[in-house]
Structure formats: structure tokens, C-alpha cells
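Participant: following is a predicted model, sequence given first.
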Amino acid sequence: MIENTIFSFFSQDISFSLDNQKSIENWILLSISTEDKSVGEITYIFCSDDYLYQINLECLKHDTYTDVITFNYCVDDIIFGDIFISIDRIKENAITFNTNFNNELHRVMIHGILHLIGYNDKSEKEKRMMRSKEDFYLSLLDI
């Protein structure tokens, strides 16, 4: 699709590998291009709750566990960023929200992308918009 696009997927302090990586890359590209943006470089780092908690505490000064933290390095309409995802939190949230692991993982993956694109989720209105966008893009995932 886009020749100079770079996706990287890493595991930090856990053993995890992403299934259907090429399909997910194509889905992310489609999602970003639908928002009239292009991709520079995106890195996903899959980690434990404790690892992500430390990042949240040290970098954002938030003393809470979370499922995703996004570091935005975008330049104009070109998407660059690092997206840290807690696999522990994905597993727990899948149970809490009565969904399967992959659906929750994909939701959090696109949630991070939406943050890079410029969507926020601080207010109730923003949360509704974010959820709507997540649902829309999840409907485009073909795996």
C-alpha cells in the first residue's frame, strides 16, 4: 500500500507474538488513510501490567494501571508513534467486557492509533466518539 511504511512489533518483559501481523498492518494502514493521514513509523510494544504501570508512573505521573499508553511523534499528517499495550490488562478486560482476547487486543491497538491521529478520550463526548471510531475500524478488520 504505502512503500516506506514501517511497523515494528516487540515484546517487553513477556512472551507474546502477534497473530495475523500482515493483515493487521494492512488494517492499520486502511484506518489511517481513511482519516486522511499517512504512516511514517509505528511501533507496538506488548508488555506486562507492571511494565506499563512503571511507564505510566514515570512518564505521565499517573499512579494507575492502564491497557495502553501512546507516545505521539507525528509530524503534520504523517503518523509516527510508540504504542505500549499491557497484555495482562487485555486478558483481564476481555473477561470484564465479555469479549475474546483478540477482539480486545485489536480494539486497544486501534485505540492507540486513534490517539496518534488526534482523537482524545477525556470527556464523555470524546469517549463516545473514540468508541464509535473503534467500532467502525474494528468492522473493517478482515481476519
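Facilitator: Yep, it's here. What you are looking at is a predicted structure, and each value in this text was computed from that prediction instead of being measured. Numbers count the residues shown, from 1 in each chain.
Participant: where in the chain is pLDDT low?
Facilitator: Scanning the chain with the threshold set as pLDDT under 70 gives 1-5.
Participant: break down it into its helices, ranges please.
Facilitator: 21-34, 49-60, 87-96, 101-117, 124-140 (DSSP state H).
Participant: tell me the most buried of those?
Facilitator: Greatest average neighbour count among those goes to helix 101-117 (a mean of 21), per mean count of other Cβ atoms under 10 Å. C-betas here are computed from N, CA, C, even on glycine.
Participant: just checking, what packs against it?
Facilitator: helix 21-34, strand 38-47, strand 68-72, strand 78-86, helix 87-96, helix 124-140 (3 or more Cβ pairs under 8 Å, 6 or more residues apart in numbering; DSSP states H and E).
Participant: related to what we said a few turns ago, closest to residue 13 out of the helices of the chain?
Facilitator: helix 49-60 (4.9 Å; Cβ to Cβ).
Participant: how about the closest one as PDB, C-alpha atoms only?
Facilitator: Presented in PDB, the C-alpha positions along helix 49-60 are these (Å, rounded to 0.1, in the frame of the first residue of the first chain):
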ATOM      1  CA  ASP A  49       0.900  -4.700  33.600                       C
ATOM      2  CA  ASP A  50       3.900  -3.900  35.800                       C
ATOM      3  CA  TYR A  51       6.000  -2.600  33.000                       C
ATOM      4  CA  LEU A  52       3.200  -0.300  31.600                       C
ATOM      5  CA  TYR A  53       2.400   0.800  35.200                       C
ATOM      6  CA  GLN A  54       6.000   2.000  35.600                       C
ATOM      7  CA  ILE A  55       5.800   3.900  32.300                       C
ATOM      8  CA  ASN A  56       2.600   5.500  33.400                       C
ATOM      9  CA  LEU A  57       4.100   6.500  36.700                       C
ATOM     10  CA  GLU A  58       7.400   7.700  35.500                       C
ATOM     11  CA  CYS A  59       6.400   9.400  32.200                       C
ATOM     12  CA  LEU A  60       2.900  10.500  32.800                       C
END
